[in-house]
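> sequence? don't have it. structure:
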């Protein structure tokens, strides 16, 4: 295996990250053990690996030689030194930045092997099931050579299949499936029914997407009890409002009734007063929910309608967010808006954010192509450091200066002209757009200009692998929404690997990436750029923006007049500066949102962990029996005369679990109610955050005692026979049907707390 070039060593030494030089020296030293590793038979390989102490420098150095030989032998993929560098940094608990196409999947697998050899249980966490299953299957020969079993989770897996997957030293799974397994364990009545293991090590793929973009998305476990949906009369009156009846703020994030609008709504709803004590915390909130759904959420931008339902679009990935929905009032309002049947979300039994889920792991590492830009979030919210890994081959992609125009129309015309001219040369083009509507609009204008494009967006994301695989073919023009986490390489010349076709595209300059507007964060810009110029290939990128782009209009409140430098509306350096300033403001706002929302969620997460610990104690011990025997000694003695202790213990466990679970579900409903109205505290010069914590702390302090009091009362009255406890007969019903989904609360992202934006009328 070749060594780093001197330039690469200097690059590593220049990184403001931890222990880079030590890791580099270890990789150099590992080459002395290559002959030893190569001489091992397949049967000897696993034994040699098992004898290593990977926590020591000498053991880790020999492990690197095994990893190099293992990749060659099992996968016909000899790891580059930079891949070993990435694996080392992950073994030390860093998030590594490795450029797109540099082999993160293999680096992550090597790190997982290293952790497993040290006795750890490793979860390799992906953004979706497809990537988890693909990577587990792809890397399995490497794990087999090291004698390490690997499992993979899927949405369709049975509980037994999930236990088997978790029973492997290395388990690949999507963040959603792992999170939902944690939630579903809240329903089990015996320790044997538990599925999710005790968390140990997490290696997070697409770490910035999972740990930042998705971090605050709550995963929900719901039960069959229908949740209340706002009266459709509210939706109806809001749907008939005119422009004079509501105001949308300058950044397009909040909407509120005007005085005339409020009078109309009050009259239509029976002459009520929206602002009196009876309606301000309920009817008015529902009115603002409907306003938000009708006048701020856009079809083919925020959601699509397909198969008779509303499907949210994941803004950071540009595809349908499966299982995801808005908080129930918003979801129902959008369904009413689109003329669809209103769905019920049921009662929330348990919930956990992705951030809290990852926080359960004692050891977290990650990998992504754009870690540096998310470094502050990694440090602030996870205590993680970032290590930047150099490319194996120099990046020769040409990143052209941004082209900023005065109007959207001029920008679109410029994009079409640029694509048409480039297409004439045969160079393949990948065009990044922000939403479904924009992708379809651009494809229409390109077709009018004689350029036929393949469109990849949330409406056809099932075909994404095939579409992306062919985006590097000569003459290909591909229009796509967000490229993050697509999981498929763009091979120059096409997916069939024809060397002549690849060479022809290389001669044309490689892939040309065109951005049709900067994103809210530079990370997403770089994810798109990174599709070109992989592994030393040529390529180029250019971004087109305008002063009418949402990034600018939502983040620059006072836009100075900028004179166009050309008749087509092209602006000079001041235009570029304006767009970059807007992006910096957007990034700062996102960090503030993350920080504030985490502050609101933190105490709820701690309360959840407290309940989970108590529930696990009840599941795995006879604590429930001892508590009820102490609380109701006469009843216990009476039943003990006729029933086995095992039957009584199990009955006590079911009773306590029912009331503990009931208390937690009621507490979550209370928290949701507090969240919906806590902003009103600001009117009295109080801190909403402090008041929120005070309220939910006071409520939580009582719920365990109340649950045990209720359990004792049930134990006194309920029928218990040799067949067990009859909770149904006591009208204490558990949900016979449960389901999981995600809530996209970050749509309400303008205020200091996620739900504030929905009630902006009080600002």
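Thanks, I have it. Everything quoted here is computed from the prediction, not taken from an experiment. Residues are numbered from 1 along each chain as shown.

> any idea what residue 201 is bridged to?
residue 122, residue 363 (DSSP bridges).

> going forward can the numbers begin at 59, since that is how I track them
Will do, 59 is the new start, and the previous item becomes residue 259.

> that one contacts residue 424, doesn't it?
No: the pair residue 259 and residue 424 does not pass the contact test of C-beta atoms under 8 Å, sitting 11.4 Å apart. For glycine as for every other residue, the C-beta is placed from the backbone atoms N, C-alpha and C.

> and the two? which has more neighbours close in?
A count of neighbours by other C-beta atoms under 10 Å puts residue 424 above the other of residue 259 and residue 424, at 29 against 23.

> what about that one, which SS state?
strand (DSSP: H, G, I helix; E, B strand; the rest coil).

> per-residue pLDDT, the residue lying closest to it once chain neighbours are set aside?
Using C-beta to C-beta, 6 or more residues apart in numbering and skipping the chain neighbours, the partner closest in space to residue 424 is residue 265 (3.0 Å). At residue 265, the pLDDT value in this model is 94.

> do the same with residue 399
85.

> so it, which state does it fall into?
coil.

> which ones are touching it?
366, 393 (C-beta atoms under 8 Å, 6 or more residues apart in numbering).

> can you pull up the bridge partners for residue 537?
Beta-bridge partners of residue 537, as defined by DSSP bridges: residue 489, residue 513.

> looks like it contacts residue 493 (just checking).
No: assessed by C-beta under 8 Å, residue 537 is found out of contact with residue 493, at 11.6 Å.

> comparing these two, which residue is more hemmed in?
With neighbours defined as other C-beta under 10 Å, residue 537 and residue 493 compare such that residue 537 has more, 25 against 21.

> and the more buried one, how far from residue 569?
14 Å (C-beta to C-beta, to the nearest Å).

> for residue 417, same thing?
38 Å.

> more neighbours: those two, which one.
Ranked by neighbour count (other C-beta under 10 Å), residue 417 and residue 569 place residue 569 first, with 27 against 20.

> could you report the pLDDT at the more buried one?
Value for residue 569, per-residue pLDDT: 96.

> contacts only, for the residue nearest to it when sequence neighbours are not counted.
Distance criterion C-beta to C-beta, 6+ apart; nearest residue to residue 569, sequence neighbours excluded, is residue 590 at 4.2 Å. Applying C-beta under 8 Å, 6+ apart, we find residue 590 in contact with 455, 488, 568-571, 597-599.

> one more time with 7 Å, if that's ok
Contacts for residue 590 (C-beta atoms under 7 Å, 6 or more residues apart in numbering) come out as 455, 568-571, 597-599.

> need the contact partners of stretch 603-623.
308-310, 460, 462-466, 468-469, 575-576, 578, 628-630, 632-633, 636-637, 639-641, 643-644.

> please enumerate the helices of the stretch 209-358 of the chain.
In the stretch 209-358 of the chain, the helices defined using DSSP state H, counting those that start in this stretch lie at 217-224, 233-242, 265-266, 290-297, 317-326, 335-338, 341-353.

> make CSV out of those and add distance to residue 402 and mean neighbour count.
Below are the helices of the stretch 209-358 of the chain laid out as CSV (distance: least, C-beta to C-beta, whole Å; neighbours: other C-beta atoms under 10 Å):
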stretch, distance to residue 402, mean neighbour count
helix 217-224, 25, 17
helix 233-242, 19, 24
helix 265-266, 34, 30
helix 290-297, 13, 19
helix 317-326, 25, 16
helix 335-338, 23, 13
helix 341-353, 16, 24
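
> hmm, back to that, need the contact list for the residue nearest to residue 424.
153, 424-426, 429.

> again with residue 669
718, 722.

> sec struct for it, please.
helix.

> all helices for the stretch 609-758 of the chain, in order.
631-678, 681-689, 691-698, 703-735, 746-775.
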